[in-house]
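Q: Got a predicted structure here, sequence first:
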Amino acid sequence: MMRSILRIVLIYLGIFFLVASKLFASSADMFGLSSRLSATAGLPTFSNPDPALIYQNPAFLTQAQKLYTTVGILNTADFFKPIENVVVQNELSGLSVETGNPKTDAENMMGMNLGLLLPVRTDFPKIGAGVIGFIPFGSLASVNTGENYVPSYALYYNRPKHFSFIGGVGIKPWDELSMGVGANLYLTSGANTKMNINGTNSSVALAMDIKPAVSFIVGSQYRWDEWSVDASYHQDLNYAMVLKNETKLFDLPIVEFLAKTAMFYDPQMVGVGISRIFKNGVQLGTRLDWKNWKKYQIALNQVTFSNPADTDSSNPVPSFLPEVQFKNIFSPSLGIEFPLKSTWIRAGYRYEPEHIKSQEENSNFLDTDVHILSCGMGRSFGIFTVDLHLQYHQLVSQVVQKTDSAAVGYKEGGYIVGGSLLNYGLTLGTTF
């Protein structure tokens, strides 16, 4: 009977997680939302307006001169180092010590971005508005909650394959200054399940609530002569999900649990950029982003079991989670764009430091320093534009060693983590 109860519990846990996406960062922050920005490591170029600037800095929306729409394709391919013959279970997470080969190749991300840029007012004060969204192919959410202790590549785990929608508006009161505000829309959800198991009329009730949430983006830009300085602020985005369950056997409460999971997270960010346009049309710029990863809510399952019929029901026991401490980081980037006849050539570089400060012996939340190189090109054909980009993410190799031979992730001599990832795409645009 108990085995049947646990099977039902697991089935409804699965139903709950079918509406969620296990993520560690969004595609906007990791890869970008258009080929133009992805090619320059996020440098806002002035050659053409771009709806993706809503996420980067909504103050740039005032560049809009005509109604401009975009549609693009993004894809990834990863080449992470395999992890083989390590301890995947011990007495902390199971009944015995077992070794195995954790999975390191999640399904690649592929999706479509759609954008629109609208000049609301072309005279001072100039006003521009826009929206951009990302739709992953295959499913709106990919689910893989994983194990709490088994090694996984944290930043790229399961790809940021979730639906995104960002809107914003920018205003330019006079020629030198622009300001803007945007909203990154997402969903939060929770569920309650009640099961009454008996011999005649067993029942299951599921109630779920999905609510919209907003993460705000604000920005400004000051431009004089050939120089441009901009600053932006991104509010953190934390998609937490909660599942409550009560299971009764012949009206006798036997199991209650509370599961909490942070499904994906974008950190609070503050960025400052400066760029210059030279007489030959070359634009060169640099940017520095501060990311508040210290507040990161780890995306692992926290389950609390209690039995009201038991004498210790007043002290429910939570499952143990690996202790992982994160740190704030500074991420510098450099971008360049220059004309070559009727074609725009672009390139960029970004450095993303490791986010982990420390973690306990059994934890294997894998993260390394990352070097991101990017390039691309764009060309206009009358009212149409075509932009291409290629990003190469190089994860700096490092050795993970454990002192306890029974710790999850232990391998004699340690194991090496690292690898690379390719992100590439195409964006088509047209003006009206």
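A: On my side now, so go ahead. Numbers count the residues shown, from 1 in each chain.
Q: For the protein, which segments are assigned as helices?
A: All helices of the chain, identified by DSSP state H, fall at 2-17, 27-30, 35-39, 53-56.
Q: Trp293 and Gly219, how far apart?
A: Distance from Trp293 to Gly219, counting by CB to CB, to the nearest Å: 21 Å. Quick note: C-beta positions are derived from backbone N, CA and C, even for glycine.
Q: just Leu53 next, same as before
A: Leu53 is 9 Å from Gly219, by CB to CB.
Q: which residues are in contact with both of these two?
A: Residues touching both Leu53 and Gly219 by CB atoms under 8 Å, 6 or more residues apart in numbering: Phe60.
Q: Give me the more crowded residue out of the two.
A: Leu53 (32 against 28; other CB atoms under 10 Å).
Q: The closest residue to that one other than its chain neighbours: what's it in contact with?
A: Once flanking residues are discounted, Leu53 sits nearest to Phe60: 4.1 Å by CB to CB, 6 or more residues apart in numbering. Applying CB under 8 Å, 6+ apart, we find Phe60 in contact with Pro44, Pro49, Asp50, Leu53, Gly170, Ser178, Gly180, Gly219, Gln221, Asp230.
Q: repeat for Asp209
A: So Asp209 contacts Ser189, Gly190, Ala191 (CB under 8 Å, 6+ apart).
Q: Across the sheet, point out what pairs with it.
A: Gly190 (DSSP bridges).
Q: How much space separates it from Val242?
A: In terms of CB to CB, Asp209 sits 10 Å off from Val242.
Q: Local confidence estimate at Gly128?
A: Looking at Gly128, its pLDDT reads 94.
Q: wait, Ser313
A: 50.
Q: what stretches of the stretch 201-350 of the chain score poorly on pLDDT?
A: 240, 254-255, 257-264, 297-321 (pLDDT under 70).
Q: what's across from the closest residue to Pro267 other than its chain neighbours in the sheet?
A: In this structure, Pro267 finds its nearest non-sequential neighbour in Lys291, 4.5 Å apart by CB to CB, 6+ apart. Beta-bridge partners recorded for Lys291 (DSSP bridges): Met269, Ile329.
Q: now the contacts of Phe60 as a markdown table including distance to Thr69?
A: Formatted as a markdown table, the contacts of Phe60 follow (distance: CB to CB, whole Å):
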| residue | distance to Thr69 |
| --- | --- |
| Pro44 | 19 |
| Pro49 | 11 |
| Asp50 | 11 |
| Leu53 | 14 |
| Gly170 | 17 |
| Ser178 | 22 |
| Gly180 | 19 |
| Gly219 | 22 |
| Gln221 | 23 |
| Asp230 | 24 |
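Q: and which of those residues is nearest to Val417?
A: Pro44 (33.7 Å; CB to CB).
Q: Distance-wise, check the closest one relative to Asn57.
A: Pro44 is 6 Å from Asn57, by CB to CB.
Q: who touches both of these two?
A: Both Pro44 and Asn57 are contacted by Asp230, Gly273, under the criterion CB under 8 Å, 6+ apart.
Q: What residue in this structure is the furthest from its centre?
A: Of all residues in the chain, Thr200 has its C-alpha farthest from the mean position, at 46.7 Å, by CA atoms, centre = their mean.
Q: pLDDT at that one, what is it?
A: At Thr200, pLDDT is 75.
Q: ranges for the strands of the stretch 301-432 of the chain?
A: 302-306, 317-318, 324-326, 329-340, 343-352, 356-359, 365-366, 370-381, 384-400, 415-431 (DSSP state E, counting those that start in this stretch).
Q: Pick the most buried one from the ones you listed.
A: strand 365-366 (a mean of 25; mean count of other CB atoms under 10 Å).
Q: elements contacting it?
A: strand 152-153 (3 or more CB pairs under 8 Å, 6 or more residues apart in numbering; DSSP states H and E).
Q: name the helices or strands packed onto the strand it packs on?
A: strand 365-366.
Q: Touching the strand it packs on from outside, list them.
A: Against strand 365-366 from outside (CB under 8 Å, 6+ apart): Pro151, Ser152, Tyr153, Ala154, Ile298, Pro322, Val324, Ile356, Gln359, Val400, Val417.
Q: which of these lies closest to Ser374?
A: When the contacts of strand 365-366 are compared against Ser374 (criterion: CB to CB), the nearest one is Tyr153, at 20.2 Å.
Q: Can you get me a residue count around the closest one?
A: Neighbour tally, Tyr153, other CB under 10 Å: 25.
Q: From Met208, how far out is it?
A: 30 Å.
Q: Please apply the same query to Phe137.
A: For Phe137 relative to Met208 (CB to CB), the value is 25 Å.
Q: now Glu323
A: In terms of CB to CB, Glu323 sits 31 Å off from Met208.
Q: can you check Glu256 too?
A: 18 Å.
Q: With Leu366 instead?
A: Distance from Leu366 to Met208, by CB to CB: 32 Å.
Q: got a list of contacts for stretch 79-95?
A: Residues contacting stretch 79-95 (CB under 8 Å, 6+ apart): 96-102, 104-105, 147-151, 153, 156, 320, 362, 395, 397, 405-411, 415-422.
Q: Contact partners for the residue nearest to Pro267?
A: Contacts of Lys291 (CB under 8 Å, 6+ apart): Pro267, Gln268, Met269, Asn328, Ile329, Phe330, Ser331.
Q: Repeat the analysis, applying 6 Å as the threshold.
A: Pro267, Met269, Ile329 (CB atoms under 6 Å, 6 or more residues apart in numbering).
Q: could I get the residues you listed as CSV with distance to Leu340?
A: Listed next are those as CSV, based on distance: CB to CB, whole Å:
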residue, distance to Leu340
Pro267, 37
Met269, 33
Ile329, 35
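Q: Spell out, range by range, the strands that occur in the stretch 101-250 of the chain.
A: Counting by DSSP E, counting those that start in this stretch, the strands of the stretch 101-250 of the chain are 110-121, 126-136, 152-153, 164-172, 177-197, 203-224, 227-234, 237-249.
Q: And for the closest residue to His234 other than its chain neighbours, the neighbour number?
A: The shortest distance from His234 to any non-neighbouring residue, by CB to CB, 6+ apart, is to Met269 (4.1 Å). By the other CB under 10 Å criterion, the neighbourhood of Met269 contains 18 residues.
Q: any idea how far Met269 is from Ile210?
A: Counting by CB to CB, the gap from Met269 to Ile210 is 26 Å.
Q: before we move on, what about Ser96?
A: 40 Å.
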